[in-house]
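Q: next comes the sequence, and after it the predicted model I'd like to discuss.
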Amino acid sequence: MNVQNILTEEDISILQEIMNISFGQSAADLADVISTNVVLSVPYISIVDVPDLPEYIRSHVKDYKNINIVEQKFWGKFRGDALLIFSSGAGKELISLLQSDVSEHASADPFDVLERETLMEVGNILIGACVGKFSELLKDVVTYTPPRVVVEKDYREAITNGHYDPDKSAIILKTDFRFDEGDVSGFLFLVTSNDSVLWLKDALRTFIEQYE
């Protein structure tokens, strides 16, 4: 099944609007936890062959020599992978935004453990709110795997080939973000493959019919 031939320009336009709402919800939820706003770009949607996916993602994060990744799989009628990719040093910056007394926590936990847990906490909020709102709008329910965290990895090694089924295409929903305070920026990718496409097309049509 060729995804490019199934989703029309209208489908993609509706999908972009839903993602705009969903990414906005994730930013609002995180703003309730930390003392600064998250500024998101307009979501961008692209369709690529899975073998080209690692290079596609690497091309967007190449300005960061080292990156931090929070990856979380989700399952429902809409299923796929969420990749939250932070700039180098983001974990330390996020600790200062989330913790009122870093030294007190750091004395109990090694700093690398605290950094990993902080990235996981922020990833849970951003990914959960975004995917959850997306699914809610399209009348779906999703479940999640525990997040996987990679800290301070060279971007060329962190996004590897062979991670997805090479016989499929992938729909990529991407936004870039930055925090008003602290030197934190990065990208949020939602990657879903052919398994979800037919359902997604019908769900988008049902969604827009509410407003016609």
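A: It's in. Numbers count the residues shown, from 1 in each chain.

Q: quick check: Val150 touching Asn66?
A: No. Using C-beta atoms under 8 Å, Val150 makes no contact with Asn66, being 10.3 Å away. Yep, even glycine has a C-beta here, placed from its N, CA and C like the rest.

Q: for the closest residue to Pro146 other than its chain neighbours, what is the enclosing helix or strand?
A: Of all residues not flanking Pro146 in the chain, Gln72 sits nearest, at 7.6 Å (C-beta to C-beta, 6 or more residues apart in numbering). Assigned by DSSP states H and E, Gln72 belongs to strand 66-75.

Q: could you point out which element follows that strand?
A: Following strand 66-75 toward the C-terminus (DSSP H and E): strand 80-87.

Q: gap between that next one and the chain center?
A: How far strand 80-87 lies from its chain's middle: 4 Å, per C-alpha atoms, centre = their mean, to the nearest Å.

Q: ok, stretch 85-98 next?
A: When distances are taken as C-alpha atoms, centre = their mean, stretch 85-98 is centred 16 Å away from the chain's centroid.

Q: the protein: strands as residue ranges?
A: Here the chain has its strands, by DSSP state E, at 38-40, 44-49, 66-75, 80-87, 143-144, 148-154, 169-179, 185-193.

Q: quick check, Lys153 in contact with Asn66.
A: Yes. Between Lys153 and Asn66 there is a contact at 6.4 Å, judged by C-beta under 8 Å.

Q: now do the helices in the protein.
A: Per DSSP state H, the chain carries helices over the ranges 9-31, 53-61, 90-98, 102-108, 111-137, 155-158, 197-209.

Q: for Ser13, give me its contacts.
A: In this structure, Ser13 makes contact with no residue, judged by C-beta atoms under 8 Å, 6 or more residues apart in numbering.

Q: any idea how far Ala82 is from it?
A: Remark: distance between Ser13 and Ala82 (C-beta to C-beta, to the nearest Å) = 22 Å.

Q: against Pro54, how distant is Tyr155?
A: Going from Tyr155 to Pro54 by C-beta to C-beta gives 10 Å.

Q: comparing these two, which residue is more hemmed in?
A: Using other C-beta atoms under 10 Å, the more surrounded residue of Tyr155 and Pro54 is Tyr155, with 20 against 17.

Q: pretty sure that one contacts His60?
A: No. Using C-beta under 8 Å, Tyr155 is not in contact with His60; the gap is 9.6 Å.

Q: local confidence estimate at the residue nearest the centre of the chain?
A: Centroid-nearest residue in the chain, with C-alpha atoms, centre = their mean: Leu188, separated by 3.3 Å. pLDDT for Leu188: 89.

Q: perfect, I'm done here.
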